[in-house]
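>>> Give me a 3D structure for the following:
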Amino acid sequence: MSVQKSVNIAPQPTDFDDILLLVGRLNYTWTNTESLLLHLIAGLSGTTKDVATVIFLTLNTTRARVDLVERLAKMDHQPPAERDGVLRLTREMMKLSGARNRFNHCIYAFDPDGGPPKSILMRIADRKDGIRMGQTLDLDAAAMDTIRKAITDLARINQDIWAHIARYGYPA
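Residues are numbered from 1 along each chain as shown. The predicted structure follows:
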């Protein structure tokens, strides 16, 4: 006669250390991928990697860096395939900026009753007749899946940017 163990299929609470590790990986993956923009700047502008690094570091936001890369790609002398490749890469990257911002520009709160921790977005959302702030998100399995997917997608974009750099002979 065999003894069967009961299996608890109730969702397990999210471990905050796991969340911090994932947010750290997201931040690292984002920063590493964003740094590749300097190679795109160098290649598209026809300058050296050192000059592109100065330009990259002078621009202090992701949006400004991406805007520069996209504007360089859209210049008349850029071949359409090269331009389209750069624009596809930057647009894919910027689609993930929401997830990155969501988990990096927040504070974290804990439920004293044992519920999942929450992120509280540190941003004011202007509306037609008012403002909203303090949007919360449960840091549950779904949130962790969102972070994991963003990390995976960023890693793929990173590889695609490197492939573009190699394909067009940008300074690396």
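>>> can you confirm residue 78 is in a strand?
No: under the criterion used here (DSSP: H, G, I helix; E, B strand; the rest coil), residue 78 is coil, not part of a strand.
>>> Surely it and residue 44 touch.
Yes: using C-beta atoms under 8 Å, residue 78 makes contact with residue 44 at a distance of 6.8 Å. From N, CA and C alone the C-beta is placed, and that goes for glycine too.
>>> Give me the common contacts of those two.
With contacts taken as C-beta atoms under 8 Å, 6 or more residues apart in numbering, residue 78 and residue 44 have residue 72 as neighbours in common.
>>> residue boundaries of the strands in this structure?
Shown for the chain, the strands assigned by DSSP state E span residues 106-109, 118-121, 124-126, 131-133, 136-138.
>>> Adding distance to residue 168 and mean neighbour count, write the ones you listed out as TSV.
TSV is the format used below for the strands of the chain (distance: least, C-beta to C-beta, whole Å; neighbours: other C-beta atoms under 10 Å):
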stretch	distance to residue 168	mean neighbour count
strand 106-109	37	14
strand 118-121	38	18
strand 124-126	39	10
strand 131-133	43	10
strand 136-138	39	14
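>>> Residue 56: which of the ones you listed is closest?
Of all these, strand 106-109 sits nearest to residue 56, with 26.1 Å by C-beta to C-beta.
>>> which intervals of this protein have sub-threshold pLDDT?
For the chain, the stretches with pLDDT under 70 are 1-14.
>>> more crowded one of residue 78 and residue 44?
More crowded of residue 78 and residue 44, by other C-beta atoms under 10 Å: residue 44, with 24 against 15.
>>> In space, what's closest to the more buried one - neighbours in sequence excluded?
Distances taken as C-beta to C-beta, 6 or more residues apart in numbering place residue 72 nearest to residue 44, at 3.8 Å, with adjacent residues excluded.
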